[in-house]
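1. Pasted the sequence and its predicted model underneath.
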Amino acid sequence: MNVIRPTTKSAKQELRAIPRNVWVVTATSFLTDFSTEMIVNLIPLFLAEVLGVRTGIIGLIEGVAETTATLTKIPSGWLSDRLGRRKWLTVAGYSLSTLAKPFLYFATSWVWVLGVRFADRLGKGVRTAPRDALIADSVQADHRGIAFGLHRAGDTAGAACGLMAALIIVWAIQDNPLTLDRSTFQTVVLVSIIPATLAVLLLAVGAREARPVDRSDKTTQPPTRRLSLADLDIRFKGFLLIVVLFTLGNSSDAFLILRARERGVSVLGVLAIMVAFNLVYALVSGPAGALSDRLGRRRLILGGWLAYGAIYLGFALAETTWHVVALFISYGVYYGLAEGVARALVADLVPARQRATAYGLFSAAVGLTAFPASLIAGVLWQGIGAWQGWGARAPFVFGACLALLSVLLLTFWWPSLERKVMA
């Protein structure tokens with residue numbers, strides 16, 4: 001099993017060691033998130049303010065969308081390992097998402113939006129595990145952190161640029177920036193098709209299939225024919241269990257947007273703080289990934305989860321607009337510390353022949369739990385929260401409590417699994 005050793009390389013040397021595939025996948029993610037973030041953060045506003053949909057239905061749509069991606073990630077990862085191929089499954093996934101986006105232009109009901117989100121997330125499900133395995137296969141173990149951090153930084157920088165583009169369109173077209181109208185949303189959808197198409201072309205032309213380059217992984221067995229957790233490292237399974245618990249309190253970010261609107265943030269304001277959030281995410285991701293190569297993955301993940309718990313508690317207690325703005329921007333710190341590093345940790349815990357399967361299962365753990373997480377958040381907001389007088393505070397308190405419990409398990413329980421493996 002791979003062991004991460006401290007390194008004294010400079011930032012320039014580390015970046016020079018990043019291979020072509022990582023840069024191509026990073027650029028692809030930049031363009032894809034440029035496209036996606038132009039519209040995805042407007043979808044809950046489109047549903048609520050144009051179509052008049054309640055938050056419970058919005059939670060249902062987001063839950064179904066993420067569950068769809070989840071159910072596809074598992075077989076897609078397993079198939080990638082069985083075939084020993086990463087690139088074309090990744091290209092197929094990005095292509096499907098790109099083809100789905102234009103249909104939002106014609107949406108007249110929440111059912112239509114649900115269908116588009118279903119197709120878009122199906123594409124995400126197809127591409128995620130083989131894409132992450134392609135990155136992991138292309139780099140040495142002691143560069144995984146910075147490789148995944150760079151990928152998350154590119155992905156998130158694209159999101160920030162996409163949000164800025166959406167903000168400019170809303171500002172230029174709408175007379176009243178406080179609400180969203182249909183024609184503005186349709187214009188954003190049309191513009192978003194351009195970077196999504198460029199992303200697919202770049203990946204198809206620029207990426208190459210890669211055999212695992214990590215010399216510390218001496219595994220020579222062929223991929224397992226069956227899809228089973230039993231064949232995977234106990235540390236990976238333990239980490240997966242903790243991630244499920246954490247994710248149960250991590251509802252769709254659509255609820256953060258709705259909370260911001262409730263506290264008086266305008267549509268333009270929502271887009272502006274999402275830009276700032278993604279810039280923080282992008283700026284933290286690369287250094288956090290490189291730092292995890294030196295200090296270990298667990299410390300960075302713990303830092304991210306602690307930040308998440310504090311920020312969610314802050315959302316529960318927020319009283320003014322500036323409170324929400326500051327918290328939303330700070331939310332990028334959690335993502336930057338934890339997201340890319342968690343993916344690097346998965347590669348540390350499994351051999352190359354099981355990487356895509358492991359990534360599929362890891363993403364599945366997040367995606368399957370996202371459905372009940374978003375549904376619970378919607379119910380807590382309008383049901384139990386209203387009944388007990390907590391209102392919008394309820395789902396955020398729930399998320400903060402589960403984050404704290406996850407931190408405790410990762411701190412005190414998960415290391416015992418490492419000791420069993422090393423014994």
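-> Yep, that arrived. Numbers count the residues shown, from 1 in each chain.

2. List the contacts of residue 115.
-> Contacts for residue 115 (CB atoms under 8 Å, 6 or more residues apart in numbering) come out as residue 103. Heads up, the C-betas are built off the backbone N, CA and C, glycines and all.

3. cool, and the one 10 residues further on?
-> The contact partners of residue 125, by CB under 8 Å, 6+ apart, come to 68-73, 76, 93, 363, 367.

4. Can you verify my assumption that residue 343 contacts residue 359?
-> Yes - Residue 343 is within contact range of residue 359, at 7.4 Å (criterion: CB atoms under 8 Å).

5. Common neighbours of the two, please.
-> Shared contacts of residue 343 and residue 359 (CB under 8 Å, 6+ apart): residue 132.

6. In terms of neighbours, single out the busier of these two.
-> Legend: neighbour count by other CB atoms under 10 Å for residue 343 and residue 359, higher for residue 359 (29 against 25).

7. Pretty sure that one sits against residue 134.
-> No - using CB under 8 Å, residue 359 is not in contact with residue 134, being 10.0 Å away.

8. which residues are common contacts for these two?
-> In contact with both residue 359 and residue 134: no residue, using CB under 8 Å, 6+ apart.

9. thinking again about what came up before, which of the contacts of residue 125 tops the neighbour count?
-> residue 73 (31 neighbours).

10. Show me where the stretch 301-423 of the chain dips below the pLDDT cut-off.
-> 383-391, 421-423 (pLDDT under 70).

11. repeat that with 50
-> Counting by pLDDT under 50, the ranges of the stretch 301-423 of the chain that qualify are 385-387.

12. Provide a list of residue ranges in this structure with pLDDT below threshold.
-> For the chain (pLDDT under 50), the answer is 1-8, 215-216, 218-220, 385-387.

13. Grab the most central residue of it for me.
-> residue 339 (7.0 Å; CA atoms, centre = their mean).

14. Can you get me a residue count around residue 238?
-> Neighbours of residue 238 (other CB under 10 Å): 20.

15. Spatially nearest residue to it, not counting backbone neighbours?
-> Leaving aside its sequence neighbours, residue 238 sits nearest to residue 417 (CB to CB, 6 or more residues apart in numbering; 4.5 Å).

16. what helix or strand is the one you found on?
-> Using DSSP states H and E, the element containing residue 417 is helix 414-422.

17. For that helix, which helices and strands make contact with it?
-> For helix 414-422, the packing partners by 3 or more CB pairs under 8 Å, 6 or more residues apart in numbering; DSSP states H and E come out as helix 234-248.

18. Could you give the separation of the helix it packs on from the chain centroid?
-> Relative to its parent chain, helix 234-248 has a centroid offset of 16 Å by CA atoms, centre = their mean, to the nearest Å.

19. repeat for stretch 183-200
-> Mean-position distance between stretch 183-200 and its chain equals 20 Å (CA atoms, centre = their mean).

20. List the neighbours of it that are in contact with it.
-> By CB under 8 Å, 6+ apart, the list of residues contacting stretch 183-200 reads 27-32, 34-36, 38-39, 42, 46, 50, 91, 94-95, 97-98, 101-102, 104-105, 158, 162, 165-166, 169-170, 173-174.

21. Any buried residues in it, and which?
-> By neighbour count on 16 or more other CB atoms under 10 Å, the buried set for stretch 183-200 is 184-185, 187-189, 191-193, 195-200.

22. Good, wrapping up.
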